[in-house]
Structures are given as structure tokens and as C-alpha cells.
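Undergrad: my questions concern the predicted model and sequence given below.
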Amino acid sequence: MPTRRLYYDDAFLREFTAEALRCEPARHGDAAAWRVVLDQTAFYPDSGGQPADTGLLGEARVLEVADAGDEVVHLLDRPVPLGPVRGQIDWPCRFDHMQQHTGQHLLSAVFLERYSLPTVSFHLGGEVSTIDLRGQEPTEAVVEETERAANVIIFESRPVRVRYGTAEELDKLGVRKKVEREGKLRALEIEGVDLQPCGGTHVAGTGQIGLLLLRRVAKIRQDWRVEFVCGERARRAARGDFRLLQHAAAALSCGPEEIGAAIDRAQQERDAHFRTARALSERLSEAEARLLAEDTQPGADGLRIISRVSPGASADYLGLLATALAKHDKTIALLASDGLLVYAQHESAAKDMNQLLRDTLQALGGKGGGQRNFARGHLSDPGHSEQAVTFARERCS
Ligand SMILES: [Zn+2]
């Protein structure tokens, strides 16, 4: 026997009495659960992008609600006796779904009407909801204008009604999506905006959507996924945004409205500091290289081998120092810092730094490579830095 769906005619029904017709043991994940069918229900099953209601049936918690043909099946955490039972839906949760769902009808209608962007799918999520649009990319201007126009309709508080009729009758009324189904169909009408076949639950007037905010737009395969929030979610999102802005403003020591300018300034300063630090590092590495070269006596073969472990030196600085050292005749630099290795030589030293690095890494473990005069890599164990330069030095002499 088909379950009578009370939410079809009264989406604002929060409590109801029904007859429990069947109650069978089932599973909910790892836990025991019971499948219950009633003669009538106000619980909305998961369908059409709108999630199922939760709430209470007698003493039992309603965990899931699903369509099973003509029946609505309630999954409960405990059994209920057959016979009369009282149902109570989680109203704040359901009203939130109604706000998001009605907001979706409105939003899809505005995107279609103004920009010929049809909605190809809808998802009502825990935090944000999304519609997927097909067609041209909705630019920032399109997004802003759609948001503005949708909110104008919300402020006008237009009636939202359920209409019944055959496919032919609805077609005459200008239904947006044609349905090839026999019998009486259900459609949702937002006065002067939208008429669309739908079996979901909706608010009674656009004013109850409260506010509609568009958030991110992302390309998903061939479509454009637009995130939106309505009602209490919009308030929460705006409050969250402001909290973030305040946090950013405090970090930048400015007011929230000055954040843009403060970020530009901070980026310019960062870039200037970076250039200064780079120039200083280059000068420092040249000076250090000169001192090291002067302090190191060439061996019997005329080669000057400079091997050093400099804990804390950055990869950039190590590279600069090795390059500066390798500008000196017959000089080889074998440098390490926290597992990082840089080997470099002046052309006249005539060894193979790439091969030397590979031999070191083969012996001690690690990855890297380079050219004949310059190679870099890193050890798997940074504790082997000292061993690495000693190993390389022995092979150069
Ligand atoms: Zn709907």
C-alpha cells in the first residue's frame, strides 16, 4: 500500500500520528536497526538532491528515510510496536532544507531567465549547496547580478505554491521542464518566476528564504558548479567571513576595509626584502668564498679543495657559496648543510662533480644529480652530512 506523503500538501507539518504497518530488523552500518513502514508520513525521504529528514518516531530515532517504490521506509535505531505511533521531525534541520531547496529553484530560474544558463544538477550539502550550470562561464558580473536579482525576489516575498495537474495542464501553465508522465503531477510555483515539476519541500513565500548568497564558482568537467547558501546558512557564512577579515586585519594592523591595500603593501615590502636579502647573500657568499680560498692551501696536485658542513645554511646560500668558490682557479667546493649537498668546481679542476655526487649518494643513500661542474642532492639521513663531504674529499685528492 502506498505511503501517504503528508509533506506533499503541508511542508510545515512537524508532528503527526500514523499507523506503523511493518517493523523489520535491518542494519545501519555496524549497528542493528529497524525498517519501518507507516500508512502516512511527514518524513521526507532522500531524493531529488534534498536530504532526508531526521527526528523521532515514538521513542526511536529516525536515522534514514528512503523511497522504496510507492512506500517510504524509515530506518530506526530501535523497534516500534505496530499500531499508532507519533512522529516528530527535526524542524530546524527540515526548515533549513526548505530554505536551501526553494533558494535553488529561485537561483536556477534567474540564471536561466537572464543568462540562458540551465541547471543540470543540484546538491544540498551539510554546509553549502551547489547547482551545476551548463553553458558559458558565469563571470563575476553575472554572479553578482544573479545574486542581486534573486534577493530582490526574496525581498518581494512572493508566494510559493504547489500546483497539481496533468503534464498537459502544467504545460499550458508554462512549466519549465516537460515531464512525460501519466496522471496528476506535482509542480512548484514561485509566483511570476518559476513553475517546475518537483516532489520536494519548500517554504511558503520567497521571503522565508531570508537571504541568498553566492559563493565559489568552479569548473566541474563541462559544467560550472556554483555554491550558494540561504537563510541561517547565509548569516553563518557572512559572520564567518567577517571573523576571518577581522583576524586578517588584526594580523595586518589595519581595519577590515583596508585589508586589500595592506596586502598590496605587505607584498611589495616582501618582494623588496627578498631582493635585498638576495643581493646581500650574493655579496656575503663572494666574501666568504674569497676568505675560504685564501685560507686553503692547494695540495701537491695544485687543487684547492674546500669541504665544509654549515648547519642551518639555506639551500640557496649553499648554492651561491659553491658557485662563488668555483670561480677560483683549480678549486673544488664540497658543501653540506642538514643533509643537503652541493659539489662545484672550477673547470680547471677537471673532476666530475655529478659522478662524485652520485658515488656519495650511492654509498650513503639519497637523491640528486647535476652537471660536470655543479651538482646537488640530499642525503636520506641528514646526520651523514659530515661523512658525505669526507667521502667526497678523499676521492678528489
Ligand atoms: Zn523543489
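TA: Now that the structure is in, tell me what you want to look at. Computed from a prediction, not measured in an experiment: that's the story for all the values here.
Undergrad: name the residues of the stretch 101-250 of the chain found near the ion, please.
TA: 188, 198, 200 (CB under 5 Å from the ion). For glycine as for every other residue, the C-beta is placed from the backbone atoms N, C-alpha and C.
Undergrad: wait, a strand at the first one?
TA: It stands for residue 188. Yes - residue state for residue 188 (DSSP: H, G, I helix; E, B strand; the rest coil) corresponds to a strand.
Undergrad: who does the helix or strand that contains residue 162 touch, helix- and strand-wise?
TA: Per DSSP states H and E: residue 162 is located in strand 160-165. Contact partners of strand 160-165 among helices and strands, from 3 or more CB pairs under 8 Å, 6 or more residues apart in numbering; DSSP states H and E: strand 185-190.
Undergrad: in the stretch 251-397 of the chain, what residue comes closest to the ion?
TA: With CB to the ion as the measure, residue 256 is the residue of the stretch 251-397 of the chain nearest to the ion, at 37.1 Å.
Undergrad: hmm, residue 244 and that residue touching each other?
TA: No - the criterion here is CB atoms under 8 Å, and residue 256 misses it with residue 244 at 9.6 Å.
Undergrad: ok, those two, which is more surrounded?
TA: residue 256 (15 against 12; other CB atoms under 10 Å).
Undergrad: how much space between that one and residue 248?
TA: Remark: distance between residue 256 and residue 248 (CB to CB, to the nearest Å) = 8 Å.
Undergrad: again, but for residue 87
TA: 47 Å.
Undergrad: more crowded one of these two?
TA: Between residue 87 and residue 248, counting by other CB under 10 Å, residue 87 is the more crowded of the two (26 against 14).
Undergrad: what packs against the longest strand seen in the chain?
TA: Assignment by DSSP state E gives strand 15-28 as the longest strand of the chain. Strand 15-28 sits against strand 31-38, strand 40-41, strand 83-89, with contacts defined as 3+ CB pairs under 8 Å, 6+ apart.
Undergrad: please tabulate these in JSON lines, including the columns distance to the ion and mean pLDDT.
TA: Formatted as JSON lines, the helices and strands packed on strand 15-28 follow (distance: least, CB to the ion, whole Å; pLDDT from 0 to 100):
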{"stretch": "strand 31-38", "distance to the ion": "23", "mean pLDDT": "97"}
{"stretch": "strand 40-41", "distance to the ion": "18", "mean pLDDT": "98"}
{"stretch": "strand 83-89", "distance to the ion": "17", "mean pLDDT": "98"}
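Undergrad: quick one, strands of the stretch 251-397 of the chain?
TA: 304-309, 331-337, 340-345, 366-370, 374-379 (DSSP state E, counting those that start in this stretch).
Undergrad: residue contacts, residue 149?
TA: 110, 114 (CB atoms under 8 Å, 6 or more residues apart in numbering).
Undergrad: using TSV, lay out the strands of the stretch 251-397 of the chain together with distance to the ion, mean pLDDT and mean neighbour count.
TA: TSV is the format used below for the strands of the stretch 251-397 of the chain (distance: least, CB to the ion, whole Å; pLDDT from 0 to 100; neighbours: other CB atoms under 10 Å):
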stretch	distance to the ion	mean pLDDT	mean neighbour count
strand 304-309	69	94	20
strand 331-337	63	96	26
strand 340-345	60	97	27
strand 366-370	57	96	16
strand 374-379	58	96	20
